[in-house]
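Undergrad: let me see the structure of the following:
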Amino acid sequence: MLTKIWQLKGVFVLLGLFVAFAACVKEKDPNLDRNQIRDALGAITTAINSGDLGTLNKYFVQPTPEGAGPNRLISLLTASDSTFAMHNRKFSIDGESATVSFTPTADPADSNFSYLYLVNDGGWKIKRFEIK
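TA: Numbering: from 1, shown residues only. All right, here's what the predicted structure looks like:
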């Protein structure tokens, strides 16, 4: 009787380990989306500052909406003489979509936030934007 209980305990331990392993494999790294978005924003910022429309176009959902494509984004963000940078960045990630808010200046009192709305379409891409 004692050996039967011992064998049953072994089966439950193995079953528990299998369930724990399956849960770990299925769980997605919570920082993965944030890191992918951060990488995409770095490439987008570099493309804007260099005026590289070809690279920037890769980060837009295709087809781009009329008047809201890479040309328009570059013209809005490079209107000043200084180099474009995203200050006070904040991410809001919801599965397949994300919103990035940022200010054009490093001033913490700057409440003039601009927004990039991203979707995960084979990589994070700009769906639309609001630049202030």
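Undergrad: make it CA atoms for all contacts and neighbour counts henceforth
TA: Will do.
Undergrad: F102 touches S114, doesn't it?
TA: Yes. F102 lies in contact with S114 (CA atoms under 8 Å); the separation is 5.4 Å.
Undergrad: those two: which has the busier surroundings?
TA: F102 (22 against 16; other CA atoms under 10 Å).
Undergrad: can you give me the strands in this protein?
TA: For the chain, the strands defined by DSSP state E cover 87-94, 97-103, 114-120, 124-130.
Undergrad: dump those strands to TSV, plus mean pLDDT and distance to L73.
TA: Below are those laid out as TSV (pLDDT from 0 to 100; distance: least, CA to CA, whole Å):
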stretch	mean pLDDT	distance to L73
strand 87-94	90	17
strand 97-103	94	14
strand 114-120	94	10
strand 124-130	93	8
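Undergrad: out of the ones you listed, the one nearest L53 is which?
TA: strand 124-130 (13.7 Å; CA to CA).
Undergrad: list of residues touching that closest one?
TA: 36-37, 40, 58-61, 64, 68, 114-119 (CA atoms under 8 Å, 6 or more residues apart in numbering).
Undergrad: and if we set it to 10 Å?
TA: 33, 36-41, 44, 56-65, 68-70, 73, 76, 96-101, 113-121 (CA atoms under 10 Å, 6 or more residues apart in numbering).
Undergrad: ok, of the residues you listed, which come out buried?
TA: 33, 37-38, 40-41, 44, 56-57, 59-61, 69-70, 73, 97-101, 113-120 (16 or more other CA atoms under 10 Å).
Undergrad: the helices in the chain, which residues?
TA: Ranges of helices within the chain are 2-26, 30-50, 53-58, 70-77, based on DSSP state H.
Undergrad: circling back: who touches both of F102 and S114?
TA: Between them, F102 and S114 share the contacting residues M86, R89, I131, judged by CA under 10 Å, 6+ apart.
Undergrad: mind giving me the ChimeraX select for those, buried ones only?
TA: Buried subset of the shared contacts of F102 and S114, written as a ChimeraX selection, criterion 16+ other CA under 10 Å:
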select :86
